[in-house]
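Engineer: Structure, please.
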Amino acid sequence: MKRKSLIVLAVVVVAAIGIFSWFKGSYNAMVQRSETVQAQLGNVENQYQRRADLIPNLVNTVKGYASHEQNTLTEVVNARAKATQVHIDIDDAEAMARFNQAQGELSSALSRLMAISESYPDLKANQNFRDLQTQLEGTENRIAVERRKFNEEARAFNTYIKMFPRNLLAGMFGFQPMAYFEAQEGARTAPEVQF
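Structural biologist: All right, here's what the predicted structure looks like:
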């Protein structure tokens, strides 16, 4: 009888250790994946900040050549101000949408600013303007890369916490799916080119 009790106790202890190890491993993996997504978000924000830092120099360079394009310059400055005021909250899809919209408006304003350069040959020939334009193009590419990496990390995290039985554990500890960066409205429509 005593031997049977020891066997039952050993099985219970082994099962308890196994369950504890699974909980611990799953919880720690969720924390690690969440932190990876947060770190990648920091990389995205870093590239957006780099773009925001380039804009004043670009606007000042254009201002010297295209002073009567004040409306476009004002749009760029206002879009930059709005974009830097909107913060990313990956736990809130609406906040992500507002952030994406503000960044999209800034991208649109910058596109109009770049289009101005076509009307000003002296501006296009200015080395400072060309350098800033190159840096801005590089930054836009970096933003796209970092957003893609963020979406990959967010997808991996979301998949991990949604799979059974981890979804139960995620719910117990408050892990929620993270929002993605999405394409701007109209991005799927090809621009119409007319000659």
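
Engineer: OK, contacts around residue 157?
Structural biologist: Going by CB atoms under 8 Å, 6 or more residues apart in numbering, residue 157 touches 30, 33-34, 36-37, 177-178. For every residue, glycine as well, the C-beta is placed using N, CA and C.

Engineer: farthest-separated two in those residues?
Structural biologist: Maximum pairwise distance among the contacts of residue 157 (CB to CB): 14.8 Å, between 36 and 177.

Engineer: next structured bit after the strand or helix carrying residue 54?
Structural biologist: Taking DSSP states H and E as the definition, one finds residue 54 inside helix 2-65. Sequence-wise, the next helix or strand downstream of helix 2-65 (DSSP H and E) is helix 70-85.

Engineer: can you give me the mean pLDDT across that following helix?
Structural biologist: Mean per-residue pLDDT for helix 70-85: 82.

Engineer: Residues touching that helix, excluding its own?
Structural biologist: Defining contact as CB under 8 Å, 6+ apart, one finds that helix 70-85 is touched by 48, 52, 55-56, 58-59, 62-63, 66, 102-103, 105-106, 108-110, 112-113, 116.

Engineer: Which ChimeraX command selects the buried ones in the residues you listed?
Structural biologist: Buried residues among the contacts of helix 70-85 (16 or more other CB atoms under 10 Å), as a ChimeraX selection:
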select :48,52,55,58,59,62,66,102,103,105,106,109,110,113,116
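
Engineer: All good on my end, thank you.
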